[in-house]
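Asks: Let me see the structure of the following:
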Amino acid sequence: MYRIESKIDVQSSAFKKNREEFLKILNEFKSNLEKVRHGAPEKAVSRHKERGKLLARERIDLLIDPNTPFLELSPMAAFGEYGNQFPSAGIITGIGVIHGKETLIIANDATVKGGTYIKETIKKHVRAQQIAIENCLPCVYMVDSGGIFLPEQSKVFADRFNFGRFFYNQARLSAMGVPQIAIVMGSCTAGGAYVPAMSDETIIVKKQGTIFIGGPPLVKAATGEVVSPEDLGGADVHTSISGVADHLAENDQHAIQICRNIFQTLESKEKQRLEISPVEDPFYDPEEIYGLAPIDFRKPVDSKEIIARMVDGSRFHEFKARYAPTLITGFANIMGYPVGILANNGVLFSESSLKGAHFVELCQSRKIPILFMQNITGFIVGKQYEHGGIAKDGAKFVHAVANADVPKFTVVFGGSFGAGNYAMAGRAYDPRLLFMWPNSRISVMGGEQASGVLIQVKEEQLAASGKTMNPEEREKLRAEILKKYEEEGSPYFSTSRLWDDGIIDPVDTRKIIAMGIAMSLNQKFPDMKNGVFRM
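Replies: Alright, predicted model coming up:
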């Protein structure tokens, strides 16, 4: 592979200005992330520790192998909602390594409303299990939850992907032969009792963990019986009488050690083999991305300059370099792993779509993971392009992406607008992981375009009834639309609602994608299969 020749002057005033502006955005993100990670009420944290319990992230740190990373998912779920009373939606999820095995970890945070579940908590739990299913990852459930947050019960109970989906997913994972271990480190109430009951092995902490379908208040209301939590469903009950739990732990640390011991007995599955190269740092400094990341989306950004600061040795074997240059395609290595990269360099034309579809098929046939780098306004519009068949050519691209069963990963490094989001493996196209940079934006179209469309529609409606809009009314409507799109297009708005798997520092993109590829190798990639391409 040839090294990308950078054409960026990192000493230029434009580069330095962009870097300065980006660092403001990045520092704001890091400040918000820090607030979320320490967002639980001090009183709740103190009470938790007084009981001899570790915090959720402390538990995870002890569980994973020493000096290995933990890829936390959606740490800013529910950010800006509920008065920020549910930091991280009260649950920590992510991927870590336990005795050399990539593992999906789900840990309730009992310092946040007792670890109870709101809509975003459930979405985050289900998303984590989906990742486990797609990548055949063993699961560890660190249970410390009061169950559904009752004031929000109508939003979390009855629908397809609500609370009951947890147990459906556990049954599916079990049928796939994927190990699941539960550590009951606190309350495990009502429907939540099925988490340990449906796991392969369950550990419960003495005088701390409890499991019951109905807690003491419900038992009293239903039957009149008065019983303590410990006598109803404590560790002694479930390890010596009911058999619901398999291992009795003295404390959090002991429970975590038992879980690690269990992992030593798990079968090692056959993995997908890739031609892995020695790891190299990029030739160019990855922090130069700060001066390149798009802030003003009206200014073009050469995505090859971004790629050069992410891939091993800054080497890139470009595919169709002279054809359809608004979509960059080619092969590279990221921390030794081979990867096919598609990166936007402008609007998508028919030629870009055909090039993208061709390249995705190459990756699929060669069983190489794909990385989509999104900075896209969408497909080209206009009479000339509609007559030229942009719809059918775009459909070929969408077909190829939808049916590509090699692991797909998506990073939104700029804008993600309209159908361009779909073709470049947006959330609806099931990338294994999807992350956003803190400067990114996502919406059906940009605010300026939306204001133009909606004002025109409004004026046509008024004209039909013989009315007009004066300049002041027009400007007021425009300002309202821009404000709405500014708020709803924010990466914080997206990540709060789990439209992505988290906002990340651009410099971390390289190692995060490498971790994603590593976890995706726990099962063989399926053979290539496509649908009907309209020719």
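
Asks: Please make it C-alpha for all contacts and neighbour counts, starting now.
Replies: Fine.

Asks: in the stretch 401-535 of the chain, which spans are strands?
Replies: Using DSSP state E, counting those that start in this stretch, the strands of the stretch 401-535 of the chain run over residues 408-417, 433-436, 441-443.

Asks: Can you get me a residue count around the spatially closest residue to Pro286 that is not a sequence neighbour?
Replies: With CA to CA, 6 or more residues apart in numbering as the criterion, Pro286 has its nearest non-adjacent residue at 4.7 Å, and that residue is Arg309. The tally of other residues near Arg309 (other CA atoms under 10 Å) stands at 25.

Asks: OK, contacts around Arg309?
Replies: With contacts defined as CA atoms under 8 Å, 6 or more residues apart in numbering, the neighbours of Arg309 are 282-289.

Asks: Tell me where the model's unsure across the chain.
Replies: Under the criterion of pLDDT under 70, the regions of the chain flagged as low confidence span 534-535.

Asks: quick revisit: and the residue nearest to Pro286, how far is that from Leu218?
Replies: 58 Å (CA to CA, to the nearest Å).

Asks: Same question for Leu62.
Replies: Shown here: Leu62 relative to Leu218, a distance of 35 Å by CA to CA.

Asks: could you dump stretch 443-451 to PDB, C-alpha only?
Replies: As requested, the backbone C-alpha atoms of stretch 443-451 are provided in PDB (Å, rounded to 0.1, in the frame of the first residue of the first chain):
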ATOM      1  CA  SER A 443     -30.900  15.200  10.800                       C
ATOM      2  CA  VAL A 444     -33.100  14.600   7.800                       C
ATOM      3  CA  MET A 445     -31.400  17.700   6.200                       C
ATOM      4  CA  GLY A 446     -29.500  20.800   7.300                       C
ATOM      5  CA  GLY A 447     -31.300  23.600   9.000                       C
ATOM      6  CA  GLU A 448     -30.800  26.000   6.100                       C
ATOM      7  CA  GLN A 449     -32.200  23.600   3.600                       C
ATOM      8  CA  ALA A 450     -35.100  22.700   6.000                       C
ATOM      9  CA  SER A 451     -36.000  26.400   6.500                       C
END
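
Asks: Using neighbour counts, pick out the buried residues of it.
Replies: Residues of stretch 443-451 classed as buried by neighbour count (16 or more other CA atoms under 10 Å): 443-447, 450-451.

Asks: got it, and stretch 244-262?
Replies: For stretch 244-262, the buried set under the neighbour-count rule, 16+ other CA under 10 Å, comprises 244-249, 251-253, 255-256, 258-260.

Asks: Over to stretch 18-33?
Replies: By neighbour count with 16+ other CA under 10 Å, stretch 18-33 contains the buried residues 18-19, 22-23, 26, 29-30, 33.

Asks: which residues are in contact with the longest helix seen in the chain?
Replies: Taking DSSP state H as the criterion, the chain has its longest helix at helix 13-37. Outside helix 13-37, the residues that touch it by CA under 8 Å, 6+ apart are 9-10, 75-76, 79, 87-88, 288, 290-293, 295, 438-439, 505.

Asks: Select only the buried ones of those residues in PyMOL?
Replies: Only the buried members of these enter the following PyMOL selection, criterion being 16+ other CA under 10 Å:
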select buried, resi 75+76+79+87+88+288+290+291+292+293+295+438+439+505
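
Asks: Could you export the buried residues of stretch 443-451 as a markdown table, including distance to Gly418?
Replies: As requested, these are exported to a markdown table (distance: CA to CA, whole Å):
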| residue | distance to Gly418 |
| --- | --- |
| Ser443 | 7 |
| Val444 | 4 |
| Met445 | 5 |
| Gly446 | 9 |
| Gly447 | 12 |
| Ala450 | 11 |
| Ser451 | 15 |
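
Asks: tell me which of those is nearest to Ile204?
Replies: Proximity of the buried residues of stretch 443-451 to Ile204 was ranked by CA to CA; the top entry is Ser443 with 44.9 Å.

Asks: ranges for the helices of the stretch 51-200 of the chain?
Replies: Read by DSSP state H, counting those that start in this stretch, the stretch 51-200 of the chain holds these helices, from start to end of the chain: 56-63, 119-135, 165-175, 194-197.

Asks: Can you give me the neighbour number for the closest residue to Lys367 other than its chain neighbours?
Replies: Once flanking residues are discounted, Lys367 sits nearest to Val406: 6.1 Å by CA to CA, 6+ apart. For Val406, the neighbour count with other CA under 10 Å is 25.

Asks: Spit out the contact partners of the residue nearest to Ile295 when sequence neighbours are not counted.
Replies: Among residues not flanking Ile295 along the chain, Asn439 sits closest, at 6.2 Å (CA to CA, 6+ apart). Listed by CA under 8 Å, 6+ apart, the contact set of Asn439 reads 22, 25-26, 293-295, 413-414, 491.

Asks: which of the residues you listed lies closest to Lys269?
Replies: Within the set of the contacts of Asn439, Phe413 lies nearest Lys269; the separation is 34.6 Å, counting by CA to CA.

Asks: The closest one touches Met436, doesn't it?
Replies: Yes - shown here, Phe413 and Met436 form a contact pair, counting by CA atoms under 8 Å, at 6.3 Å.

Asks: Pull out the buried residues from the contacts of Arg309.
Replies: For the contacts of Arg309, burial is judged from neighbour counts taken by 16+ other CA under 10 Å, and it is met by 282-284, 286, 288-289.

Asks: Format those as TSV; extra columns: distance to His387 and secondary structure.
Replies: Putting the buried ones among the contacts of Arg309 into TSV (distance: CA to CA, whole Å; DSSP: H, G, I helix; E, B strand; the rest coil) gives the following:
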residue	distance to His387	secondary structure
Pro282	43	coil
Phe283	44	coil
Tyr284	43	coil
Pro286	43	helix
Glu288	42	helix
Ile289	39	helix
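
Asks: Report the two of those residues separated the most.
Replies: Greatest spatial distance in the buried ones among the contacts of Arg309: Phe283 and Ile289, 12.9 Å, computed using CA to CA.

Asks: And Pro75, how far from Tyr492?
Replies: Applying CA to CA to Pro75 and Tyr492 gives a distance of 11 Å.

Asks: do the same with Val126
Replies: For Val126, the distance to Tyr492 under the criterion CA to CA works out to 20 Å.

Asks: So for those two, which sits in the more crowded spot?
Replies: Relative neighbour count places Tyr492 above the other of Val126 and Tyr492, with 24 against 20, counting by other CA under 10 Å.

Asks: all strands of the stretch 251-400 of the chain, in order?
Replies: 315-319, 327-334, 337-344, 370-376.
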